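kindly generate the corresponding structure for this input.
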Amino acid sequence: GGRHIFLFSDPVPGGRYGYSWDGWAEKNPETFFYTGEGAVGDQEFTRGNKILRDSAAEGRQVHLFTADGHTGGRRGRTHRYLGQFTIDPQQPWRREDAPDRTGETRSVIVFRLNRLGTSPAPQTHTESYTAEPANR
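Okay, here's the model as predicted:
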């Protein structure tokens, strides 16, 4: 019910569950593709996917973070804030095939996010991490 949506993208664990679509658009460094939520079966426009899809119409701000390094522990990750984004009004999302947590092929939602403003995202104190272009 809040005005802010915080999205986190991490290609390392996400790739095992079909979240391999996350990354920058090759021809537009201000556009980021983000895979919707749901680890088993086809993703639907419920819960977080519905909230993200309807974020602009409902006046919600979307903030994107990507994995940026490790905190020293095996699971501890740091993240870099990439800025505020909005769902692309012309091409807000598309469907792609990807494996689910059990290895079965399913349909995922890939959102097209456009960065608001043109200033670069602030860097963290850790090593710099730049998300790769979407690999598919």
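
and residue 66, how many neighbours?
The local packing of residue 66 (other C-beta atoms under 10 Å) involves 23 other residues. Every residue, glycine included, has its C-beta placed from N, CA and C.

next one: residue 45
Using other C-beta under 10 Å, the number of residues around residue 45 comes to 14.

could you do residue 54 as well?
The tally of other residues near residue 54 (other C-beta under 10 Å) stands at 14.

got a pLDDT number for it?
We have a pLDDT of 96 for residue 54.

for the chain, just list every one of the helices.
Counting by DSSP state H, the segments of the chain that form helices are 11-14, 47-53.

quick check: bridge partners of the residue nearest the centre of the chain?
When C-alpha atoms, centre = their mean is applied to the chain, the residue found nearest the centroid is residue 34 (3.1 Å). Beta-bridge pairing for residue 34 (DSSP bridges): residue 111.

would TSV of the helices of the chain with distance to residue 61 and mean neighbour count be doable?
As requested, these are arranged in TSV below (distance: least, C-beta to C-beta, whole Å; neighbours: other C-beta atoms under 10 Å):
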stretch	distance to residue 61	mean neighbour count
helix 11-14	23	13
helix 47-53	12	16
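
in terms of mean pLDDT, which of these ranks lowest?
When those are compared on average pLDDT, helix 11-14 comes out lowest at a mean of 71.

can you dump the C-alpha atoms of it in PDB for me?
Coordinates of each C-alpha in helix 11-14 appear next as PDB, following Å, rounded to 0.1, in the frame of the first residue of the first chain:
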ATOM      1  CA  PRO A  11      21.800 -12.300 -11.700                       C
ATOM      2  CA  VAL A  12      23.800 -14.900  -9.700                       C
ATOM      3  CA  PRO A  13      21.000 -16.700  -7.700                       C
ATOM      4  CA  GLY A  14      18.300 -15.400 -10.000                       C
END
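
which parts of the protein are strands?
4-9, 23-25, 28-35, 61-70, 77-87, 93-99, 105-115 (DSSP state E).

kindly export the last one (C-alpha atoms) in PDB.
Read that as strand 105-115. The C-alpha trace of strand 105-115 is given here as PDB (Å, rounded to 0.1, in the frame of the first residue of the first chain):
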ATOM      1  CA  THR A 105       9.600 -24.300 -18.600                       C
ATOM      2  CA  ARG A 106       7.200 -21.600 -17.700                       C
ATOM      3  CA  SER A 107       6.200 -18.100 -18.900                       C
ATOM      4  CA  VAL A 108       7.700 -15.200 -17.100                       C
ATOM      5  CA  ILE A 109       6.900 -11.500 -17.200                       C
ATOM      6  CA  VAL A 110       9.800  -9.200 -18.300                       C
ATOM      7  CA  PHE A 111       9.100  -5.600 -17.400                       C
ATOM      8  CA  ARG A 112      10.700  -2.700 -19.400                       C
ATOM      9  CA  LEU A 113      11.800   0.000 -16.900                       C
ATOM     10  CA  ASN A 114      12.900   3.400 -18.100                       C
ATOM     11  CA  ARG A 115      15.200   5.500 -15.800                       C
END
